[in-house]
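Enquirer: below are the sequence and a predicted model; questions follow.
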Amino acid sequence: MGFFTKKLTIGMLLYTLMMIELCSRVVMVTGKEYKVGDSAGWTTKSNSTYLSWASSKNFRVEDVLWFEYNATIDNVIRVRYFDFRSCNTSTPIKNIQLRQ
């Protein structure tokens with residue numbers, strides 16, 4: 001341990017701290033934001049399916065999906081798995097308020 005403390009200069013210390021900072025910035029990953037349906041938004045009036053929209057994307061952890069929709073025509077609600085599978089919207093967990 002004494003060898004390292006004797007040989008460590010201020011310049012080397014600053015260089016080491018700079019490299020740690022640089023490496024930590026490279027490791028940090030931020031997600032991308034996607035508007036679901038692109039310009040058409042979240043709607044049943046779209047000519048394409050959301051499966052085809054999603055297949056052109058490479059989603060990763062920390063990505064954000066924006067659902068923009070016309071509240072007079074469409075909605076987004078959160079339901080339980082079994083309700084989703086049976087298309088039952090009568091007991092939603094939450095009505096999701098989305099930006100328009």
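Expert: Received it, and whenever you're ready, just let me know what you need. Quick caveat: nothing in here was measured; it's all calculated off a predicted structure.
Enquirer: residue boundaries of the helices in the chain?
Expert: Ranges of helices within the chain are 2-7, 10-27, 50-55, 81-85, based on DSSP state H.
Enquirer: run the chain-centre distance for the longest one.
Expert: Same thing as helix 10-27. Here helix 10-27 is found 29 Å from its chain centre; the criterion is Cα atoms, centre = their mean, to the nearest Å.
Enquirer: so for it, mean pLDDT?
Expert: Helix 10-27 comes out with an average pLDDT of 73.
Enquirer: for that helix, buried residues please.
Expert: Buried residues in helix 10-27, defined by neighbour count with 16 or more other Cβ atoms under 10 Å: none. From N, CA and C alone the C-beta is placed, and that goes for glycine too.
Enquirer: and what of the third one?
Expert: Of the residues in helix 50-55, those scored as buried under the neighbour-count criterion (16+ other Cβ under 10 Å) are W53.
Enquirer: so what touches it?
Expert: Applying Cβ atoms under 8 Å, 6 or more residues apart in numbering, the external contacts of helix 50-55 come out as V36, G37, D38.
Enquirer: would a markdown table of the helices of the chain with distance to T43 be doable?
Expert: Converted to a markdown table, the helices of the chain look like this (distance: least, Cβ to Cβ, whole Å):
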| stretch | distance to T43 |
| --- | --- |
| helix 2-7 | 63 |
| helix 10-27 | 39 |
| helix 50-55 | 10 |
| helix 81-85 | 19 |
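Enquirer: right, and those helices - which one's nearest A71?
Expert: Taking Cβ to Cβ, helix 50-55 is the member of these nearest to A71, at 18.6 Å.
Enquirer: any idea how far S55 is from the most centrally placed residue in the chain?
Expert: Central residue of the chain (Cα atoms, centre = their mean): D63, 1.6 Å from the mean position. Look at D63 and S55: by Cβ to Cβ, to the nearest Å, they are 15 Å apart.
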